[in-house]
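A.B. asks: got a predicted structure here, sequence first:
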Amino acid sequence: MAKPRVNFEELSGRGNRSLLLVHGRDFKPSADSYMDLSIAALRRGIERDYPDRLNSFDALNKSIAWYGDLNAEVLYAKGKVYDETLDVGDRRNVLTTLREITARKRFGIRQYDQLPGKSAVPEAIVNIVAPVLGAMGLCVPMIRSISKDFGSYFDRKSDYAMRVRELLRSRLCELMDRGDRIVLMSHGTGCVVAYDVLWQISHDPDFKDQYGDKKVELWVTLGAPLGDSGIRKRLLGAKEESAAKFPVNVMFWHNVSAEDDYCCHDNTLADDFKMMMQQRVVSAVYDHKIFNLAVRYGKSNPHSSIGYYIHPRISKILADWLRADVAHSTPKCTF
């Protein structure tokens, strides 16, 4: 079988700080389009809230572990269709609308409650159903019925998971080989891929000797499903004991979840992964709750990546890391 195509796009200058993005499930625009929109959203947040850090942000090496072609391969085989031109246009509309918000305080509940089609029903249903299905061993069948590509990630008969992990791992290891200070920012089900890759290079015999002692300074998870017990049981290392159960190469972990984002229906991870701190394999795990103001196709979409990237909480986390005098500090948001 031919080696899967690695499609990473470098978008910025040289330096020893790097931002690596990991997208999630479903169809995705081309790597160029997705990266352009994502970086524009992140940059707007820094420009809006911390203009003195904008030069530092622009100087970051920026790249993406893009596996949209692998997602599409699975989805097309299941009879799904995709209009990339329309998708990109709608994403641009989200970015244009959110860029017009100039005050951090306007990313609150008052504005969120006014969004068209806003509903807590999907998250409420998942909150009720997921624990029951997990206890009955039906979590993965439910995932496969809702998300064909993410379902393939847990399908032992498929090589999808191996290929996706290879894409991310090769890029992350390249940054580690270069000695970069790394922010890993993953969205949605991409957080599961990121977790598994971090575990692999921590403990897998093929990687741990070379990468086991190298660190990601900051891991930011957005709309992560890692709090779901059914998914946690299927993470790499889940059956191991003590420190071998977890990645040991993350210094600080910030988890950001949006109100009504059903993908992260269990929206706190510090409690689920507190043993990582007890085992002293991570310095801290922080949980942050936000309101995602993205509207896609005329309806509130609290899982939107652009809505996450442009949010003041994300700009605060990045701005703190970009401070020249410290590697990282705990965000103390006042909005």
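C.D. replies: Perfect, I can see it now.

A.B. asks: surely residue 50 meets residue 319?
C.D. replies: Yes: applying CB atoms under 8 Å, one finds residue 50 in contact with residue 319, separated by 4.0 Å. C-betas here are computed from N, CA, C, even on glycine.

A.B. asks: quick one: which of these two has more around it?
C.D. replies: For residue 50 versus residue 319, the count of surrounding residues by other CB atoms under 10 Å is larger for residue 319: 22 against 19.

A.B. asks: OK, contacts around the more buried one?
C.D. replies: Contact analysis of residue 319 by CB atoms under 8 Å, 6 or more residues apart in numbering lists 46, 49-50, 53.

A.B. asks: one more pass at 10 Å, please.
C.D. replies: If a contact means CB atoms under 10 Å, 6 or more residues apart in numbering, then residue 319 has 45-46, 49-54, 56-57, 312, 329, 331 as its contacts.

A.B. asks: thinking again about what came up before, next, show the common contact partners of residue 50 and residue 319.
C.D. replies: Common neighbours of residue 50 and residue 319 are listed as 56-57, 312 (criterion: CB under 10 Å, 6+ apart).

A.B. asks: given the longest strand seen in the chain, what are its sheet partners and their directions?
C.D. replies: Longest strand in the chain by number of residues, with DSSP state E as the criterion: strand 250-258. Here strand 250-258 is paired, per DSSP bridges, with strand 216-222 (parallel), strand 284-290 (parallel).

A.B. asks: moving C-terminal of the first one, what's the next helix or strand?
C.D. replies: Moving toward the C-terminus from strand 216-222, the next helix or strand (DSSP states H and E) is helix 229-232.

A.B. asks: returning to that earlier point: which one of the strands paired with strand 250-258 is the most hemmed in?
C.D. replies: The highest mean neighbour count among the strands paired with strand 250-258, using mean count of other CB atoms under 10 Å, belongs to strand 216-222: a mean of 25.

A.B. asks: I figured residue 272 hits residue 225, correct?
C.D. replies: No: the criterion here is CB atoms under 10 Å, and residue 272 misses it with residue 225 at 11.3 Å.
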